[in-house]
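A.B. asks: please find the sequence and the predicted model below.
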Amino acid sequence: MRSAAIDARLACVVCHEPFVLVDGPTLSCARCGRDVSRLADGRWDFRLRSDDSLTYTRRYAPAGVAAALDAPLQTERPSQPPRNGFAEAIPVHLTAAQVSYLPAGRPGQVALDLGCGHGMQRGLLEQLGYDCYAIDYEGSAADDLVDAHALPLRNASIDLVMSIAVLEHLADPLRAASEVLRVLVPGGAFIGTVAFLEPFHDNSFFHFTHLGVSWALRTSGFEVEMIAPIPGWDVVRAQIEMELASGSRASRTLAKVAAAPFVWALRGYGAAGRTLARARERYARPLLSARHAGAFFFVARRPVAEPAASLHDLPVNVPRAASG
């Protein structure tokens with residue numbers, strides 16, 4: 001169930017006007033007249049309709065490319081000092097080092113679990129002190145059904161956005177990044193992971209290099225603190241394990257055993273390359289692991305002071321059809 005703090009942050013996906021009431025079978029936006037239906041299980045269905053069309057603009061500039069090339073790439077290591085006191089079991093698909101970058105929440109603050117999947121991050125975010133608003137396009141773990149390209153939230157209303165292995169599955173991840181920037185409070189953190197050399201899965205649209213992550217975040221208006229290859233999750237392990245594992249513990253164990261010889265061979269080859277290469281700086285450990293990474297972890301935030309001019313325009317929403 002959504003808390004009152006979350007209900008107060010809900011807004012029209014088209015014009016971002018707050019809803020006055022969140023009770024009853026239908027929400028209606030007083031500004032643009034868009035209706036939102038309540039599902040039989042009590043959740044809201046904020047997803048865009050098949051005849052909707054939202055328009056937004058972005059700018060391209062060579063300076064954006066230069067900034068992306070200066071990606072803050074590093075090996076994954078814990079935040080020093082840790083930004084929270086979490087000491088419980090780490091959810092699947094996260095590492096202790098990644099969790100250390102999540103800022104501790106305060107009463108009344110809301111964290112958005114963008115693309116929540118099976119809801120494995122909810123307990124973590126709630127134990128950190130946040131009201132958790134878990135959303136996804138489908139699935140029973142989501143508090144509401146939402147299209148990540150059009151978030152049903154007020155401007156500058158969310159304190160933390162977490163997105164684990166989501167952006168690669170979106171048809172327009174740049175639009176989604178702009179939406180995350182819009183709903184974050186100034187200084188709010190955007191923390192997540194994206195696929196790189198994993199196999200095609202679950203309708204992947206885009207897999208990101210570290211430069212792609214840097215470009216998508218920076219040109220959307222974010223300050224990027226770090227991008228790191230996820231340790232132990234390289235291309236060989238990702239390809240073999242994701243192809244063999246069916247979700248059961250036995251299949252995951254079998255996949256790890258099958259992948260192990262190839263993973264060791266890849267690491268040995270990389271170690272030999274770093275030792276023998278004349279231009280050893282080309283084989284710096286972060287760069288080598290980035291070349292073979294299955295996925296990347298990133299930490300970014302909305303600037304406290306917005307730049308006077310940036311490489312992006314905030315979305316301008318234009319409904320093509322008013323369906324109701």
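C.D. replies: Received, thanks. Numbering: from 1, shown residues only.
A.B. asks: residues in contact with the nearest residue to A177 once chain neighbours are set aside?
C.D. replies: In space, and not counting its chain neighbours, A177 is closest to S220: 4.0 Å by CB to CB, 6 or more residues apart in numbering. For the C-beta atoms, the positions are set from N, CA and C on the backbone; glycine is no exception. By CB atoms under 8 Å, 6 or more residues apart in numbering, the contact set of S220 is 174, 177-178, 180-181, 312.
A.B. asks: could you dump those residues into CSV with secondary structure, pLDDT and distance to T55 added?
C.D. replies: Converted to CSV, the contacts of S220 look like this (DSSP: H, G, I helix; E, B strand; the rest coil; pLDDT from 0 to 100; distance: CB to CB, whole Å):
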residue, secondary structure, pLDDT, distance to T55
L174, helix, 97, 14
A177, helix, 97, 17
S178, helix, 97, 12
V180, helix, 98, 18
L181, helix, 98, 17
H312, strand, 41, 14
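A.B. asks: greatest separation within these: which pair is it?
C.D. replies: V180 and H312 (12.1 Å; CB to CB).
A.B. asks: between these two, which one's more packed in?
C.D. replies: Counted by other CB atoms under 10 Å, V180 and H312 do not tie: V180 has more neighbours, with 26 against 20.
A.B. asks: hmm, the more buried one is touching L114, no?
C.D. replies: Yes. Using CB atoms under 8 Å, V180 is in contact with L114, at 7.0 Å.
A.B. asks: domain parsing for the chain?
C.D. replies: Domain ranges of the chain: 4-231+293-301, 234-289, per automatic domain parsing.
A.B. asks: tell me the most buried of these?
C.D. replies: Of all the domains of the chain, domain 4-231+293-301 has the most neighbours on average by mean count of other CB atoms under 10 Å, namely a mean of 18.
A.B. asks: between the two ends of that one, how far is it?
C.D. replies: Distance across domain 4-231+293-301, first residue to last, is 25 Å (CA to CA, to the nearest Å).
A.B. asks: ok, stretch 76-84 next?
C.D. replies: Start-to-end, stretch 76-84 (CA to CA) is 17 Å.
A.B. asks: touching it from outside, list them.
C.D. replies: With CB under 8 Å, 6+ apart as the criterion, stretch 76-84 contacts 95-104, 128, 228-231, 297.
A.B. asks: related to what we said a few turns ago, shared neighbours of V180 and L114, anything?
C.D. replies: 161, 163.
A.B. asks: Three-state assignment for D159, please.
C.D. replies: Following DSSP: H, G, I helix; E, B strand; the rest coil, we place D159 in the strand state.
A.B. asks: again, but for G212
C.D. replies: G212 is classified as helix under three-state DSSP.
A.B. asks: residue contacts, it?
C.D. replies: Contacts of G212 (CB under 8 Å, 6+ apart): F206.
A.B. asks: a markdown table for the contacts of S220, including distance to G139?
C.D. replies: Formatted as a markdown table, the contacts of S220 follow (distance: CB to CB, whole Å):
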| residue | distance to G139 |
| --- | --- |
| L174 | 24 |
| A177 | 22 |
| S178 | 24 |
| V180 | 20 |
| L181 | 25 |
| H312 | 30 |
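A.B. asks: nearest to D7, out of these: which one, please.
C.D. replies: For the contacts of S220, the nearest to D7 is V180 (20.3 Å; CB to CB).
A.B. asks: and the residue lying closest to A156 once chain neighbours are set aside, helix, strand or coil?
C.D. replies: Using CB to CB, 6+ apart and skipping the chain neighbours, the partner closest in space to A156 is V185 (5.0 Å). The local conformation at V185, judged by three-state DSSP, is strand.
A.B. asks: and stretch 111-124, end to end?
C.D. replies: 11 Å.
A.B. asks: quick one: mean pLDDT over it.
C.D. replies: For stretch 111-124, mean pLDDT is 96.
A.B. asks: what residues does that stretch touch?
C.D. replies: 86, 88, 90-94, 99, 102, 105, 125, 128, 130-137, 139, 141-142, 148, 151, 153, 158-166, 169, 176, 180, 183, 192.
A.B. asks: and for stretch 148-157?
C.D. replies: Counting by CB under 8 Å, 6+ apart, residues outside stretch 148-157 touching it are 9-14, 16, 18, 36, 44, 46, 48, 54, 110, 112, 114-115, 135, 137, 144, 146, 166, 170-172, 175-176, 179-180, 182-186, 317.
A.B. asks: count the residues that sit near S3.
C.D. replies: Counted with other CB under 10 Å, S3 comes out at 14.
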